[in-house]
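In: Got a predicted model here, sequence first, then my questions.
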Protein chains: 2
Amino acid sequence: MESGRPYSRLLMRLDRMTNLRKADKLLVAALPLTVTNIPAGGQIARFDEPQCVLVVSGFVCGYKRVGMSRRQITSLFVPGDIAGLHGLLLPSSNDSLSALGAAVIAYLPCHALEGMLDASPQLAQALWRESFSEAAILREWIASLGRREALARVAHLICELVVRLQAVDLARDYNFAIYWTQMDVADACGISAVHANRVVQELRRLGVVEWDAKHLRIRDWDALTKIGEFSDSYLQHYTRPAPPIRYEMDHHQAF
Amino acid sequence: MESGRPYSRLLMRLDRMTNLRKADKLLVAALPLTVTNIPAGGQIARFDEPQCVLVVSGFVCGYKRVGMSRRQITSLFVPGDIAGLHGLLLPSSNDSLSALGAAVIAYLPCHALEGMLDASPQLAQALWRESFSEAAILREWIASLGRREALARVAHLICELVVRLQAVDLARDYNFAIYWTQMDVADACGISAVHANRVVQELRRLGVVEWDAKHLRIRDWDALTKIGEFSDSYLQHYTRPAPPIRYEMDHHQAF
DNA sequence: CGACCGATTGACACAGCTCAAATGAAGTGG
DNA sequence: CCACTTCATTTGAGCTGTGTCAATCGGTCG
């Protein structure tokens, strides 16, 4: 596993989403990537030409501003994820992208992605599945924000993050680097920064996590999933082998 | 406009999403639809064979159960919408579908939809755009649930609904039939039924809406958008003419 | 060393929840 | 056509999770 390449974790993800042939992997490896360092919390610029953003390391988030000052994070992207896939077909997205901590990203021109979809039905299918999977996560967040209290929201978010990081081999032993502040957690969970801090302390006090500025370690996974009412069923594509290709996709021409 | 057909409002939507040729419209008209009446609040069955659900009249919602009894509505579908599009590529969805009030729906076998995508790149693109548009709505709901108070959430929901209904000619003069109870509103906005009632009364008291059991009429659109911090920019495809086809899509083979 | 930013703590206020009961509207069966 | 049921709406009274404000502490970096 050439985990040094910017696209290596993307490959891990796509391969699990839809089994890839060797030729597909070569296509991914040939994508023109513009690797860029983003400082902590830095805005990720949107250029005229539609581009997607591949996360190489660190965390990236999509967020909206609500009212004057309140921020709501609407999605989180970890290494191997592509942010802004909807840019492929929808001209303008309504929310902004920024890094949480410091991050390394790679810009990916849409036309190159489209060329790839053109060349491989397997890859095309994997990317579409990816975007549906993203939507499944959005729905789960809605359930969390609407019907869970703060402690459960944070616990749920951590559970989700662990599963997603494990899929790209970044959370061995329930242990991973975090690239966010408690304020970021607050903005993701729809609570205030002060309350986020109280929740973090409560999770520590309960002995389910060790959580310092740079690192998070889950000490009691079962307890955490219980607190967060977490079930990984909406993340099948992160935990289970790729489902079979639907029908004879190769004949299908779409997009 | 043959607004008597089950698919007529779907056509209105798709045509605005991506301009359709006459041949495309014939393809849509030829879809095999199993029209079904659903009683008020009735669960919408999922069969073994993957099927999508076209809403013909009434409202349909996707929801999740959280904890033992709490329900969170994650998406709303109005006439012309297709629910369960993700079933095309993802085997299992994690949430359930039900009607809110009484509704008429049409089951639509996935293989027929895929045949359609196969036959027309324009339609394929329209459907993909549709699913991205759905995701944009999910993100907006996340912002609402996370960072707006109850009054604004409800106001925002109503604004969104009006725009979506107007796109299928069901909300002339800001006036439309509602197929939900206040409890449904509560479950969509992540608040309790009691509080939903208080919010409704407050909106009435402010003189921005007339709202009885079966009907809702907006008396002051500007005030309502202000209360709900609503901007229709995330619903472009409902309000503006279709964006051009991206690149030379006809060459693209995907899915 | 100072400046800055994030984490932490405490006190208080309030939006929204729960419980419980009353009212109203619509449908059902005798 | 009237009792009866059922379900949605409405109202009131506490209770609690979470927000706001403000201050302190601690680490990091120039």
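Out: Ah, there it is.
In: give me every residue that touches the nearest residue to residue A:58 once chain neighbours are set aside.
Out: Using CB to CB, 6 or more residues apart in numbering or on different chains and skipping residues adjacent in sequence, the residue nearest residue A:58 is residue A:103, 2.9 Å away. From N, CA and C alone the C-beta is placed, and that goes for glycine too. Shown in contact with residue A:103 (CB atoms under 8 Å, 6 or more residues apart in numbering or on different chains): A:37-38, A:42, A:55-60, A:179.
In: Of those, which is the nearest to chain B?
Out: Nearest to chain B among those is residue A:60, at 14.9 Å by CB to the nearest CB.
In: Now do the same contact list for that closest one.
Out: A:38, A:44, A:53, A:76-77, A:81, A:83, A:97-100, A:103, A:105.
In: would you turn those residues into JSON lines with distance to residue B:129?
Out: Converted to JSON lines, the contacts of residue A:60 look like this (distance: CB to CB, whole Å):
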{"residue": "A:38", "distance to residue B:129": "29"}
{"residue": "A:44", "distance to residue B:129": "23"}
{"residue": "A:53", "distance to residue B:129": "20"}
{"residue": "A:76", "distance to residue B:129": "24"}
{"residue": "A:77", "distance to residue B:129": "22"}
{"residue": "A:81", "distance to residue B:129": "21"}
{"residue": "A:83", "distance to residue B:129": "18"}
{"residue": "A:97", "distance to residue B:129": "20"}
{"residue": "A:98", "distance to residue B:129": "26"}
{"residue": "A:99", "distance to residue B:129": "28"}
{"residue": "A:100", "distance to residue B:129": "29"}
{"residue": "A:103", "distance to residue B:129": "29"}
{"residue": "A:105", "distance to residue B:129": "25"}
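In: ok, and of the contacts of residue A:103, which contact DNA strand C?
Out: Among the contacts of residue A:103, no residue sits close to DNA strand C (CB under 7 Å from any atom of the strand).
In: give me the number of residues near residue A:183?
Out: Residues near residue A:183, counting by other CB atoms under 10 Å in any protein chain shown, number 16.
In: Correction: the previous question concerned residue A:240.
Out: By the other CB under 10 Å criterion, the neighbourhood of residue A:240 contains 11 residues.
In: separation between it and chain B?
Out: 10 Å (CB to the nearest CB, to the nearest Å).
In: Just the pLDDT at that residue, thanks.
Out: Looking at residue A:240, its pLDDT stands at 80.
In: before we move on, what about residue A:48?
Out: pLDDT recorded at residue A:48 is 70.
In: buried stuff in stretch A:162-172?
Out: Within stretch A:162-172, the residues scored as buried using 16 or more other CB atoms under 10 Å in any protein chain shown are A:162-168, A:170-171.
In: count of neighbours near the residue lying closest to residue A:166 once chain neighbours are set aside?
Out: Excluding its sequence neighbours, the residue lying closest to residue A:166 (CB to CB, 6+ apart) is residue A:238, at 7.4 Å. Residues contacting residue A:238 under the criterion other CB under 10 Å number 19.
In: ok but residue A:53 is inside a helix, no?
Out: No: using DSSP: H, G, I helix; E, B strand; the rest coil, the assignment for residue A:53 is strand, not a helix.
In: burial of residue A:90, as a residue count?
Out: There are 23 residues near residue A:90, going by other CB under 10 Å.
In: Could you pull out the helices in the stretch 51-200 of chain A for me?
Out: A:110-119, A:121-147, A:150-166, A:182-189, A:193-205 (DSSP state H, counting those that start in this stretch).
In: Turn these into CSV, including mean pLDDT and distance to residue B:121.
Out: Shown next, in CSV, are the helices of the stretch 51-200 of chain A (pLDDT from 0 to 100; distance: least, CB to CB, whole Å):
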stretch, mean pLDDT, distance to residue B:121
helix A:110-119, 92, 12
helix A:121-147, 95, 13
helix A:150-166, 98, 33
helix A:182-189, 98, 38
helix A:193-205, 98, 47
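In: could these go into JSON lines alongside distance to residue A:33?
Out: Output for those, formatted as JSON lines (distance: least, CB to CB, whole Å):
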{"stretch": "helix A:110-119", "distance to residue A:33": "9"}
{"stretch": "helix A:121-147", "distance to residue A:33": "16"}
{"stretch": "helix A:150-166", "distance to residue A:33": "21"}
{"stretch": "helix A:182-189", "distance to residue A:33": "26"}
{"stretch": "helix A:193-205", "distance to residue A:33": "34"}
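In: before we move on, the earlier item: what is the residue nearest to residue A:58 paired to in the beta sheet?
Out: Taking DSSP bridges as the rule, residue A:103 bridges to residue A:38.
In: Please report the distance of it from chain B.
Out: In terms of CB to the nearest CB, residue A:103 sits 20 Å off from chain B.
In: Over to residue A:136?
Out: 6 Å.
In: And for residue A:124?
Out: Taken as CB to the nearest CB, the span from residue A:124 to chain B is 4 Å.
In: my read: that residue touches residue A:115, true?
Out: No: in this structure, residue A:124 is not within contact of residue A:115 by CB atoms under 8 Å, at 11.0 Å.
In: hey, what's the residue nearest the centre of chain A bridged with?
Out: The geometric centre of chain A, computed from its C-alpha atoms, lies nearest to residue A:77 (CA atoms, centre = their mean), at 2.8 Å. Applying DSSP bridges to residue A:77 yields these beta-bridge partners: residue A:60.
In: OK, contacts around it?
Out: A:53, A:55, A:59-62, A:83.
In: what secondary structure does the residue of the stretch 1-150 of chain A found nearest DNA strand C sit in?
Out: Residue nearest to DNA strand C within the stretch 1-150 of chain A (CB to the nearest atom of the strand): residue A:41, separated by 6.3 Å. Classification of residue A:41 by three-state DSSP places it in coil.
In: Based on its surroundings, how many neighbours for it?
Out: By the measure other CB under 10 Å, the count of residues near residue A:41 is 17.
In: And the one 10 residues further on, by the same measure?
Out: Residues near residue A:51, counting by other CB under 10 Å, number 21.
In: which element is residue A:16 on?
Out: helix A:8-17 (DSSP states H and E).
In: Check which helices and strands that helix is in contact with.
Out: Using 3 or more CB pairs under 8 Å, 6 or more residues apart in numbering or on different chains; DSSP states H and E, the elements in contact with helix A:8-17 are helix A:22-29, helix A:121-147, helix A:236-239.
In: doesn't residue A:167 make contact with residue A:238?
Out: Yes: Residue A:238 lies in contact with residue A:167 (CB under 8 Å); the separation is 4.1 Å.
In: what is in contact with the two at once?
Out: Shared contacts of residue A:238 and residue A:167 (CB under 8 Å, 6+ apart): residue A:16.
In: give the contact list for the closest residue to residue A:7 other than its chain neighbours.
Out: Leaving aside its chain neighbours, residue A:7 sits nearest to residue A:28 (5.5 Å; criterion: CB to CB, 6+ apart). Contacts here follow CB under 8 Å, 6+ apart; on that basis residue A:28 touches A:7, A:10-11, A:14, A:20, A:116, A:123.
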